[in-house]
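Student: Structure, please.
(3 chains)
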Amino acid sequence: MNLTVFLQNVLNGLSIGSIYAIFALGYTLVFSILGIINFAHGAVFTLGAYFTYMLMGNAFGFNGLLANLALPIRLPFVLALFFGSIAAGLVSVLIERLAFCPLRRKKADSLLTVVSSLGVAVVIVNLIQYLVGAEIYTFPPDTYGTLPPAINFGTEANPIPIRSVQVVIFVVSGVIVSLLTYLINATKYGKAMRAVAEDPTTASLLGIDPDRFIVLTFFVSGFLGGLAGTLVGSSVSIAGPYFGIGFGLKGLAVIVLGGLGSIPGAVVGGLTIGLVEAFVPGDYSAYKDAVAFGILFIMLLVRPQGLLGRSLVQKV
Amino acid sequence: MNDFVSTYGFLFVSMILGAMLGLSLYLPLMAGQLSLASPGFYALGGYVAAILSTKVFQVKEPFPIALLLLEMLIAGIICGLLGVIVGVPALRLRGIYLAIATIAFVEILRVLALNLDVTGGAVGIFGIPQPFQSPIEYLWIVLPLLLISMAFVYRLEKIRVGRAFIAIREDELAADSMGINPTYYKALAFTLGAILAGVVGAISAHFLNTWNARQGTFDASIIYLTFVLIGGSRTFLGPVLGGMVFTALPEILRAIADTPGLPVWLAQFLRDGRLIIFGLLIVIGTRFFPQGLVTPQLLKRRSRSQANR
Amino acid sequence: MPQPQLADSISNLDRTPVLEARGLTRRFGGLIAVNNVSFSVNEGEIFGLIGPNGAGKTTLFNLVTGLIHPSNGQMLYQGDEISKLRPHQIAKKGIARTFQNIRLFADLSALENVMIAQHIHTKSGVFTGVLGLPPAPREEQKTRSRAFELLELVGLSDRADEKASNFPYGDQRRLEIARALALEPSVLLLDEPAAGMNPNEKQQLSDFIRQIRQQFNLTILLIEHHVPLVMGLCDRIAVLNFGQLIAIGNPADVKSDQAVIEAYLGTD
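Tutor: A predicted model of the protein is given here:
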């Protein structure tokens, strides 16, 4: 492998890996506060992409209830991305209220809540299909404005071209991860959130309303999910309503690798899986997905708490 | 009558297959293990039958029943062995970790099936030979098999091994302290489920005539899980009834949609939105029927009220 | 000043230790829950374990029964090391226990609870069991009648089919003892068996513990907070404080031990 290909793989890996990271952060935030994996997160990812697509004024196809619908507004990409992700965050809050909250009130088995979130995922995915059909939607080529299609990271003689979309993704992800780290480590919200995650009863004694923070966490989680969905959708395409499910499963690999509930773990896990996938040789690219799940499976057997997770001590 | 049989024969057999897939998930759940591996073993069992019947046996139709039974046996053995290999290490994990590990297992199998030559790649395997003239005749195989599996699980709940499963489900540490080896019994429950899923897969491959990577997916995991959790996770009748009803649900909805006088939008929703309804049922079920619709208490109450009569 | 250690070693000459802890230590992160504890328990003894809350008593029980493993030191049963075994292997060797915070199979009937605990004394597998082939039917019959006997012993046989979680607290403790006895152990560990009982019930329990020792040839270790009960019932007592063994000997000696008075009895 020559240096150019190597560097290209690294940059590609970091780019896709940083989307995995943003997406997985959404998973891990909810896990750290509730100890539950929200399987609807993949569906929210999908929704985010559709929302942005719609807010940019793009039209849907001829299938489904909303056939040929196009919104009368045409937001520029950045604004559509922002509002699309907010809409995804709101959907996530709705999911919390309808599918998580009632079970939490009843102190139901956490596996039951997991199943409930699976149910939500099924509803969302099929609702999308019912409304706008199962076809692939591609963002128009001018989505990213006047950016050149690729940026050369090498020299004239030795070019290392990287798609500018991927550079944008990498930069956006970096900003998001830094913001989130700041939010959690340095603000009142972050401290309260960690208190709720640590022990909801004590937190409520300290005057923190756990419910409010759970709702807020779901919003942030959904926002990140929707954002990741748009980034993937706009750089490749929205591959139908099921587009988020596969991504959601891969997100599982990311958070388990990094350590369930660990925020730096989600970032490390995302970048690791992105890089590993980027280095799967072209001849075996069909096995890319199996690689992530292979890593996941082995990790669970060898070190179930993940790279950066706390060890799982059970109470006797 | 003939019309009825030809219309609904396929559905009846599918319902029974669904009931058995529900049972295959119920078995590990008896020992408290939420495993989503059943679709993986189901797919594997189907590939075993599809490959054997199209590439190895190469006999003319009708495909001999004896060979079908042999395929079921082989599929059961292979899935059982793989169940042990995957189960023993994976079952050290608890709760959600185990569920994730089994999801990974299913995905790995799916990617392999999609890319290997022997499984026919993305296209899959076509023209799997038929042992019967019409779908309804598959009842000769699936009905006895369902009855046997039901009797098996019914008995299992009442004997030493089943009690060990249930003890682990109730409190793994206490069971361990009472001399029950949790790893052994969890792996046993997991493997029994794997064998059943594999055998069902072997029949389904013939029944569906074609087999591909879409047979063992994450979606399928959720659907089988619904059979059990909504049907009932505390008695074997739950997954059996759940499997039957949920397999028939699309047909039921279609039938309702055909009722004259229904608003067009509702009829259309019932026809095309069945999976939305499916998902809603899962959400509602987990909230209002945490042990599923068929519970041991319900059965006890019924038998008591009959005894009083 | 009496010399408990000396008296201890003299009585050891004519009896074999059933259980022996050698320098048993268990750390949880920075905390040392059990710190270099050594003692031995003789066959047929009722051996009390007392100490203030958080002294490491339950941790010690968990170490004996394999729920956790020692960071250092060894646990021996009839001369064999058991510190690396898993709970079910230790149960099989003949050590049974109850739990401080009652861990019955709450959703199952009293009878089923006791039947489950006979697991190691039966051996029918999936196929013999499902098909009802020998030895399954006879085993099943025996398991059931044995479970009834044990429920009778603890006075719960008339409610054998009731769910364990429906029993009042004291009865749950009794049911847990019946379940532990179903293992036919030679050593029985009781973790606060009298917790939540009234004085009358405590006296009955005390008699009952003596009775089962006699009837089943048991060696009994028990953790108990109620000092009079321990003093009246136990042959010997070990006192733990902050994970360390501060005294061991017969009740009278322990009662007058200065360190014990300071650490534990004095605060009562």
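
Student: Tell me who's in contact with the residue in the stretch 51-200 of chain C positioned nearest to chain A.
Tutor: Residue of the stretch 51-200 of chain C nearest chain A, by C-beta to the nearest C-beta: C:L67 (4.9 Å). All C-beta atoms are positioned from the backbone trio N, CA, C, and that covers glycine. By C-beta atoms under 8 Å, 6 or more residues apart in numbering or on different chains, C:L67 lies in contact with A:V316, B:L173, B:D176, B:S177, C:P87.

Student: Phi, psi for it please.
Tutor: Note on C:L67: backbone dihedrals following degrees, to the nearest 10 are phi -70, psi -30.

Student: for the residue nearest the centre of chain C, what are its contacts?
Tutor: Centroid-nearest residue in chain C, with C-alpha atoms, centre = their mean: C:L189, separated by 0.5 Å. Residues near C:L189 by C-beta under 8 Å, 6+ apart: C:F61, C:V64, C:T65, C:I95, C:A96, C:R97, C:T98, C:I220, C:L221, C:L222.

Student: Report the separation between the residue located most distally from the centre of chain A and chain B.
Tutor: When distances to the mean C-alpha position of chain A are computed (C-alpha atoms, centre = their mean), the maximum falls on A:A157, with 37.7 Å. Remark: distance between A:A157 and chain B (C-beta to the nearest C-beta, to the nearest Å) = 38 Å.

Student: And C:G73, by the same measure?
Tutor: 21 Å.

Student: ditto for C:H119
Tutor: In this view, C:H119 and chain B are 5 Å apart by C-beta to the nearest C-beta.

Student: I figured that residue hits B:M178, correct?
Tutor: Yes. If you go by C-beta atoms under 8 Å, C:H119 and B:M178 touch, sitting 6.3 Å apart.

Student: Give me the common contacts of these two.
Tutor: Counting by C-beta under 8 Å, 6+ apart, the common neighbours of C:H119 and B:M178 are B:A167.

Student: So the two - more neighbours on which side?
Tutor: Each of C:H119 and B:M178 has its neighbours counted (other C-beta atoms under 10 Å in any protein chain shown); B:M178 has more, 28 against 25.

Student: how about the closest residue to the more buried one other than its chain neighbours, what does it touch?
Tutor: Leaving aside its sequence neighbours, B:M178 sits nearest to C:A117 (C-beta to C-beta, 6 or more residues apart in numbering or on different chains; 4.6 Å). For C:A117, the contact set (C-beta under 8 Å, 6+ apart) comprises B:M178, B:G179, C:A96, C:R179, C:A180, C:A182, C:L183.

Student: Which element, helix or strand, includes the fourth one?
Tutor: In other words, C:R179. For C:R179, the host element (DSSP states H and E) is helix C:169-181.

Student: tell me what that helix is packed against?
Tutor: strand C:95-97, helix C:110-116, helix C:136-153, strand C:187-191, helix C:199-216 (3 or more C-beta pairs under 8 Å, 6 or more residues apart in numbering or on different chains; DSSP states H and E).

Student: what pLDDT, on average, does it get?
Tutor: Helix C:169-181 shows a mean pLDDT of 93.

Student: just checking, next helix/strand downstream of the longest helix belonging to chain B?
Tutor: Secondary structure of chain B read by DSSP state H shows that its longest helix is helix B:2-30. Going down the chain from helix B:2-30, the next helix or strand is helix B:38-51, by DSSP H and E.

Student: tell me which strands and helices that next one is in contact with?
Tutor: Applying 3+ C-beta pairs under 8 Å, 6+ apart, one finds that helix B:38-51 contacts helix B:2-30, helix B:65-90, helix B:95-115, helix B:182-208, helix B:218-231.

Student: Are the last one and chain A in contact anywhere?
Tutor: So that's helix B:218-231. Yes. Interface with chain A: helix B:218-231 contributes B:F218, B:D219, B:I222, B:L225, B:T226, B:L229 (C-beta under 8 Å from any C-beta of the partner chain).

Student: what pLDDT, on average, does whichever helix or strand comes after that helix get?
Tutor: Downstream of helix B:218-231, the first helix or strand assigned by DSSP H and E is helix B:237-257. Average pLDDT, helix B:237-257: 88.

Student: could you dump helix B:237-257 to CSV, C-alpha only?
Tutor: Output in CSV follows, covering the C-alpha atoms of helix B:237-257 (Å, rounded to 0.1, in the frame of the first residue of the first chain):
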residue,chain,number,x,y,z
LEU,B,237,-48.8,-21.2,24.9
GLY,B,238,-47.9,-17.5,24.6
PRO,B,239,-45.3,-17.8,21.8
VAL,B,240,-47.4,-20.5,20.1
LEU,B,241,-50.5,-18.3,20.0
GLY,B,242,-48.5,-15.1,19.4
GLY,B,243,-46.7,-16.8,16.5
MET,B,244,-49.9,-17.9,14.9
VAL,B,245,-51.8,-14.6,15.4
PHE,B,246,-49.0,-12.3,14.3
THR,B,247,-48.2,-14.4,11.3
ALA,B,248,-51.9,-14.2,10.3
LEU,B,249,-52.2,-10.5,11.2
PRO,B,250,-51.5,-9.1,7.7
GLU,B,251,-54.1,-11.4,6.3
ILE,B,252,-56.6,-10.5,9.0
LEU,B,253,-56.0,-6.8,8.3
ARG,B,254,-56.4,-7.3,4.6
ALA,B,255,-59.7,-9.1,5.3
ILE,B,256,-60.8,-6.2,7.4
ALA,B,257,-59.8,-3.7,4.8
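
Student: ok so, going back, and the longest helix of chain B, how far out from the chain's middle?
Tutor: 9 Å (C-alpha atoms, centre = their mean, to the nearest Å).

Student: Can you name every helix or strand that that helix contacts?
Tutor: Counting contacts by 3+ C-beta pairs under 8 Å, 6+ apart, helix B:2-30 packs against helix B:38-51, helix B:139-156, helix B:160-170, helix B:182-208, helix B:218-231, helix B:237-257.
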